[in-house]
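Engineer: Sequence plus the predicted model coming up.
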Amino acid sequence: MRGFYLKNIGGKTKEYVWEGLFLLIVFGAEMSLAAVQMFGHPPDEFARFEVVYFIFRHGYLPTGYEIEVQIGGYGGSYAFQPILTYIIQGYLMRFLNLFTGNIYILVLAARMVNCVFGVIMAHYVRKISVLLWDSRMLQWLFTCLVVFLPENIFIHSYINTDSMAAMGISVIIYAVLMGEKDDYGKKTAVTLSAGVSLVALSYYNAYAAILTALLAFIAHFVRSGEYRKMWRKMGFIILLVSAMSGWWFIRSGILYNGDILV
């Protein structure tokens, strides 16, 4: 029986196989680091985990005023900031706790959420590379230089919201590049809205990416002079972003006397 070789696979299918292997390697690298590094050793992981652990224990979202999520010696809390990552991690831990109470497995599962974000980011970095270069060598060189940067692997290996922010930025960049090609068609507008929403629900420090996307979007239509189309598509994107991420800012406004950013 003949062996199975990549050279016997069709061109497009072969590329999918290589990309699948690439993403598995990325996941393996991030999970390996997540599995071996000491809990609380990465910057601020313990303070961030307090929010995750609160959700795990109580099953509902904390406010920033909860004593259990306050940062000892500093005051304040990561619960004041967008916590979508922590929500996913906290409820995943609650689910897994039905089968095991092993805290190592539960913490590793929480870290795995960030590893998955890293894989999604790697997928979009690869898609960005295809839009930027025709050469497969340059595509893979760019992809690997970005994805396997040690700091990038590290950021996706422990409990934080930076990981989701990086993923969201990669989605935004891809959508902006696609917008230049398809005039921000419906699919691209939805992708851009998802990227903006992910960044909005991740980390305030990443909000510059949202501003950059807005400027690139406006510049695209200013060049063509299609202002009516610009406002129509912008309204559609704003509607989607509001539906996907507005709940957090409404909640903050109610809890913190109208301060939606705290």
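Structural biologist: Here it is on my side, so go on.
Engineer: Excluding chain neighbours, what is closest to the residue most central in space within the chain?
Structural biologist: The centroid of the chain falls nearest to residue 164 when counting by C-alpha atoms, centre = their mean (2.6 Å). Distances taken as C-beta to C-beta, 6 or more residues apart in numbering put residue 202 closest to residue 164, at 4.0 Å, once the chain neighbours are dropped. In this view, the C-beta of every residue, glycine as well, is placed from N, C-alpha and C.
Engineer: Next, count neighbours for residue 78.
Structural biologist: Residue 78 has 22 neighbouring residues, counting by other C-beta atoms under 10 Å.
Engineer: Contacts only, for it.
Structural biologist: Counting by C-beta atoms under 8 Å, 6 or more residues apart in numbering, residue 78 makes contact with 44, 47, 48, 50, 51, 69, 71, 86, 161.
Engineer: pLDDT below threshold where in the stretch 151-262 of the chain?
Structural biologist: The model of the stretch 151-262 of the chain has no residue with pLDDT under 70.
Engineer: Find the nearest non-adjacent residue to residue 181, please.
Structural biologist: residue 131 (7.5 Å).
Engineer: now the helix or strand harbouring that neighbour, how far from the centre of its chain.
Structural biologist: Here residue 131 sits within helix 103-132, counting by DSSP states H and E. Its chain's average C-alpha position is 8 Å from that of helix 103-132, according to C-alpha atoms, centre = their mean, to the nearest Å.
Engineer: Phi, psi for the residue nearest to residue 164 please.
Structural biologist: phi -120, psi -70 (degrees, to the nearest 10).
Engineer: Quick one: neighbours of it, just the number.
Structural biologist: Neighbour count for residue 202, taken as other C-beta under 10 Å: 28.
Engineer: And residue 94, by the same measure?
Structural biologist: For residue 94, using other C-beta under 10 Å, the count is 15.
Engineer: which residues does residue 233 contact?
Structural biologist: Residue 233 touches 184, 189, 217, 221, counting by C-beta under 8 Å, 6+ apart.
Engineer: That one and residue 211, how far apart?
Structural biologist: The gap separating residue 233 from residue 211 is 18 Å, by C-beta to C-beta, to the nearest Å.
Engineer: same check, this time on residue 142
Structural biologist: Distance of residue 142 to residue 211, computed by C-beta to C-beta: 24 Å.
Engineer: tally of neighbours for residue 80?
Structural biologist: Residues near residue 80, counting by other C-beta under 10 Å, number 19.
Engineer: Over to the one 4 residues further on?
Structural biologist: A count of nearby residues for residue 84, using other C-beta under 10 Å, gives 17.
Engineer: quick one, phi/psi of the residue nearest to it when sequence neighbours are not counted?
Structural biologist: Leaving aside its chain neighbours, residue 84 sits nearest to residue 201 (4.1 Å; criterion: C-beta to C-beta, 6+ apart). Note on residue 201: its backbone torsions stand at phi -100, psi 20 [degrees, to the nearest 10].
Engineer: check contacts around residue 201.
Structural biologist: Residues in contact with residue 201 (C-beta under 8 Å, 6+ apart) are 82, 84, 164, 245, 248.
Engineer: please redo it, this time with the cut-off set to 6 Å
Structural biologist: Neighbouring residues of residue 201 by C-beta atoms under 6 Å, 6 or more residues apart in numbering: 82, 84, 245, 248.
Engineer: Same list, the residues you listed, but as CSV with secondary structure and distance to residue 194 please.
Structural biologist: Shown next, in CSV, are the contacts of residue 201 (DSSP: H, G, I helix; E, B strand; the rest coil; distance: C-beta to C-beta, whole Å):
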residue, secondary structure, distance to residue 194
82, coil, 15
84, helix, 12
245, helix, 10
248, helix, 15
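Engineer: By neighbours, which of these wins?
Structural biologist: Within those, most neighbours by other C-beta under 10 Å means residue 82, with 25 neighbours.
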